[in-house]
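Participant: 3D, please:
(chains A and B)
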There are 2 protein chains.
Amino acid sequence: MLPPETGSFRYRWIEYIEGLQDRICLGLQQADGRAHFKQDDWQRAEGSGGGGKTRTMASGLVFEKGGVNTSVVYGEVSDRMRKQLGMDGETWFACGLSLVMHPLNPFVPTVHANWRYFELYDRAGQLVSRWFGGGSDLTPYYLFEEDAVHFHRTLQQAMAPFGPALYPLYKKQCDDYFVNRHRGNEARGIGGVFYDHLVPGDDAEAERLMGFQQSNGDAFLAGYLPIVERRRDLPYGDSEKHWQEIRRGRYVEFNLLHDRGTLFGLHTDGRTESILMSLPPTVRFEYDYRPEPGSREAAMQEIFLHPREWV
Amino acid sequence: MLPPETGSFRYRWIEYIEGLQDRICLGLQQADGRAHFKQDDWQRAEGSGGGGKTRTMASGLVFEKGGVNTSVVYGEVSDRMRKQLGMDGETWFACGLSLVMHPLNPFVPTVHANWRYFELYDRAGQLVSRWFGGGSDLTPYYLFEEDAVHFHRTLQQAMAPFGPALYPLYKKQCDDYFVNRHRGNEARGIGGVFYDHLVPGDDAEAERLMGFQQSNGDAFLAGYLPIVERRRDLPYGDSEKHWQEIRRGRYVEFNLLHDRGTLFGLHTDGRTESILMSLPPTVRFEYDYRPEPGSREAAMQEIFLHPREWV
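Facilitator: Reported below is the predicted structural model:
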């Protein structure tokens, strides 16, 4: 299979995603004020096609660790994809952006986002199916209601032109997805939106869905950076850092035990370093840790156990 | 189903396991010299039977975090057990000890061990199958050949009375099991022994296998404590601690992505805190970390990629 041709629908998506990577990296870098993203280009192993641009940051003023990655990959449908994903086709194409930023200051929330597009072809190379997926979600360590409201409202506004029912639906899907089931359905954070397998019925709908994705992608910095600005200089001590590292442990548990993207990537010989760039820089695991009753940490924990409506 | 009756085979195994827990905890506590094990007794939720004794330690002189847990559990064979484990029976019983100790000093290796026994019964409560499993393995952060040799030789000697072929076989199974497949088959540590589903053909063989398990369990402290004594007071700095925390990250990856016991426990509503007591206290994840060529860390990494024969 050859790389996507100029001007095609999928080519336009690639152009959007790579442009978005540039814009988001620039915005995050400016917000950080010290660290720069470092790019690793990688190619898939033989027998498959494409590759990616992994851009990571470490030891910033604001961001302790993070990455904004894109990939454009294509290949033959494997038995594993056929069985596990029910993919009824011969060859496939996928392109997406995936980002996770872990701030140093426990008052600045961790953020994750992903927007992806998938095409499936028959033996003759004709398109048989295609779909979009994506979302973004916030993982604060301390509750600032105005931050949660701002993040969710930005997502709601980005989706509003495409129908008022979308935000509530995808907000609920996000709450249902980013959950540590082995910890009594404790949420990883305060959610956001999550959607998958948005299949267009025709070309017009495909265009509309691409517009929907772009509206969400374009809103990312506006949803996150104002929160970073408000919290980045708040003073904190060992006790706040300790709680952040405990919660980062739950982030690790979710990503390695439950996240479908992570597990699919690792089990299908994806590029391990690019996939696991999502893991937080320093993490703490303690036996049976419980926040002190009545503390700010306990209040946050309550919210993880009982997702709220923020808008 | 009722708890096991006094004097039965499984009752004698329970007595052994709980006695072993006492002895190992005492030995580790004496070696630590400051911290004490704290015990949490727990019961399984309704619809199932039994419970466990979770003994954990934190912030010791030698051990930063660790646990020595036993459980005695029984219940009905669930659909999940039937499908995933191919268990052809109506009710089951299991009893075992599981331990992980994470030392503070990067020159002292982390150790893990587990010895377990399983029985399966038909509708009339008659025994239809039973098996033993277990093993122990060492995860050093720096190579001291004499430590690796001592640990493996102790295991070899504990197994020798039961046949000379066992140690080499179970040593290889251990090397094959404790591997991060998503990291080019990098080993978690320098191995030890691992065996599962040792099914006795008759009562005499069951006694022999119980003796085999006991020989291994009894040898644990002799295999580990001399290493602790030799390395506990070696001075170390930030660079050694950093490498230890990077390697602890690989320990987390193995336990959450690949370890069958951990995944089975978490997916069958096991007690999360008891299962995840195995995770290290402080952990570091860095994008594409590579030890400096020619360093002690690089030498250790080479061994993780190419398991050796130590005896």
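Participant: residue at max distance from the center of chain A?
Facilitator: Here chain A reaches farthest from its C-alpha mean at residue A:124, the gap being 33.6 Å by CA atoms, centre = their mean.
Participant: and it, that one's in a helix?
Facilitator: No. Going by DSSP: H, G, I helix; E, B strand; the rest coil, the assignment for residue A:124 is coil, not a helix.
Participant: phi, psi for it please.
Facilitator: phi -80, psi 0 (degrees, to the nearest 10).
Participant: who touches it in this structure?
Facilitator: The neighbourhood of residue A:124, defined by CB atoms under 8 Å, 6 or more residues apart in numbering or on different chains, contains no residues. The way it works is simple: take the backbone N, C-alpha and C, and place the C-beta from them, glycine included.
Participant: any idea how far residue A:90 is from it?
Facilitator: Applying CB to CB, to the nearest Å, the value for residue A:124 to residue A:90 is 9 Å.
Participant: would you list the phi and psi of the residue most central in space within chain A?
Facilitator: For chain A, residue A:113 is the residue whose C-alpha lies nearest the centre (CA atoms, centre = their mean; 2.6 Å). Note on residue A:113: backbone dihedrals following degrees, to the nearest 10 are phi -150, psi 160.
Participant: list of residues touching stretch A:209-228?
Facilitator: Against stretch A:209-228 from outside (CB under 8 Å, 6+ apart): A:9, A:12-13, A:16-17, A:20, A:23-24, A:27-28, A:31, A:62, A:97, A:103, A:108-109, A:111, A:113, A:115, A:117, A:132, A:134-136, A:138, A:144, A:147, A:150-151, A:154-155, A:157-159, A:161-162, A:166, A:193, A:198, A:200.
Participant: out of the residues you listed, name the ones that lie in strands.
Facilitator: Counting by DSSP state E, the part of these found in strands is A:97, A:103, A:111, A:113, A:115, A:117, A:132, A:134-136, A:138, A:193, A:198.
Participant: go ahead and build a ChimeraX selection from the buried members of the residues you listed.
Facilitator: Buried residues among the ones in strands among the contacts of stretch A:209-228 (16 or more other CB atoms under 10 Å in any protein chain shown), as a ChimeraX selection:
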select /A:97,103,111,113,115,117,132,134,135,136,138,193,198
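Participant: so where do the strands sit in chain A?
Facilitator: Under DSSP E, chain A gives strands at A:38-43, A:49-58, A:63-76, A:91-103, A:110-121, A:127-139, A:179-180, A:186-187, A:191-198, A:282-284.
Participant: please produce a markdown table containing those strands, extended by mean pLDDT and distance to residue B:40.
Facilitator: Formatted as a markdown table, those follow (pLDDT from 0 to 100; distance: least, CB to CB, whole Å):
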| stretch | mean pLDDT | distance to residue B:40 |
| --- | --- | --- |
| strand A:38-43 | 96 | 45 |
| strand A:49-58 | 95 | 38 |
| strand A:63-76 | 95 | 33 |
| strand A:91-103 | 96 | 32 |
| strand A:110-121 | 97 | 31 |
| strand A:127-139 | 97 | 29 |
| strand A:179-180 | 98 | 20 |
| strand A:186-187 | 98 | 20 |
| strand A:191-198 | 98 | 32 |
| strand A:282-284 | 98 | 20 |
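Participant: buried sites along the longest helix seen in chain A?
Facilitator: Scanning chain A for the helix with the most residues, using DSSP state H, yields helix A:9-32. By 16+ other CB under 10 Å, the buried positions in helix A:9-32 come out as A:9-10, A:13-14, A:16-17, A:20-21, A:24-25, A:27-29, A:31-32.
Participant: and chain A, which of its residues are near chain B?
Facilitator: A:40, A:56, A:58, A:65, A:67, A:182-183, A:245, A:249, A:252-253, A:256-257, A:263, A:266-267, A:272-273, A:276-277, A:279-288 (CB under 8 Å from any CB of the partner chain).
Participant: drop anything exposed from those.
Facilitator: For those, buried by 16+ other CB under 10 Å: A:40, A:56, A:58, A:65, A:67, A:182-183, A:245, A:249, A:252-253, A:256-257, A:263, A:266, A:272-273, A:276-277, A:279-287.
Participant: what about the residues you listed, which are in helices?
Facilitator: Within these, residues falling in helices by DSSP H are A:245, A:249, A:252, A:253, A:256, A:257, A:263, A:266, A:272, A:273.
Participant: so residue A:35 sits right up against residue A:56, yeah?
Facilitator: No. Residue A:35 is beyond contact range of residue A:56, at 9.8 Å (criterion: CB atoms under 8 Å).
Participant: re earlier: tabulate the ones in helices among the buried ones among the residues of chain A next to chain B in a markdown table, adding columns for pLDDT.
Facilitator: Output for these, formatted as a markdown table (pLDDT from 0 to 100):
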| residue | pLDDT |
| --- | --- |
| A:245 | 98 |
| A:249 | 98 |
| A:252 | 98 |
| A:253 | 98 |
| A:256 | 98 |
| A:257 | 97 |
| A:263 | 93 |
| A:266 | 90 |
| A:272 | 96 |
| A:273 | 97 |
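Participant: which among those residues gets closest to residue B:311?
Facilitator: residue A:272 (32.5 Å; CB to CB).
Participant: what's the closest non-adjacent residue to that closest one?
Facilitator: residue B:182 (5.1 Å; CB to CB, 6 or more residues apart in numbering or on different chains).
Participant: got the contact list for the one you found?
Facilitator: For residue B:182, the contact set (CB under 8 Å, 6+ apart) comprises A:266, A:267, A:272, B:253, B:257.
Participant: surely residue A:41 and residue A:69 touch.
Facilitator: No. Residue A:41 lies out of contact with residue A:69 (CB under 8 Å); the separation is 11.1 Å.
Participant: more neighbours: which of those two?
Facilitator: residue A:69 (25 against 8; other CB atoms under 10 Å in any protein chain shown).
Participant: what pairs with the residue nearest to the more buried one when sequence neighbours are not counted across the strands?
Facilitator: On the basis of CB to CB, 6+ apart, the spatially nearest residue to residue A:69 that is not a chain neighbour turns out to be residue A:54, at 4.7 Å. For residue A:54, the beta-bridge partners are residue A:40, residue A:69 (DSSP bridges).
Participant: what's around residue A:54, how many residues?
Facilitator: Using other CB under 10 Å: residue A:54 sits among 24 other residues.
Participant: next: residue A:160.
Facilitator: 12.
Participant: let's see the pLDDT reported for it.
Facilitator: According to the prediction, residue A:160 has pLDDT 98.
Participant: same thing with residue A:46?
Facilitator: On the pLDDT scale, residue A:46 gets 64.
Participant: ok so, going back, farthest pair within the contacts of residue B:182?
Facilitator: So, the contacts of residue B:182 by CB to CB: farthest apart are A:267 and B:253, at 13.2 Å.
Participant: any idea how far stretch A:148-160 is from the middle of the chain?
Facilitator: Centroid displacement of stretch A:148-160 relative to its chain, using CA atoms, centre = their mean, to the nearest Å, is 16 Å.
Participant: name the residues that touch that stretch?
Facilitator: A:136, A:138, A:140, A:166-167, A:170-171, A:190-193, A:212, A:215-216, A:218-219, A:222-224, A:226-227, A:308, A:310-311.
Participant: buried ones from those, can you make that a ChimeraX selection?
Facilitator: Under the burial definition 16+ other CB under 10 Å, those of these that qualify are selected in ChimeraX by:
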select /A:136,138,140,166,167,170,171,190,191,192,193,212,215,216,219,223,224,226,227,310
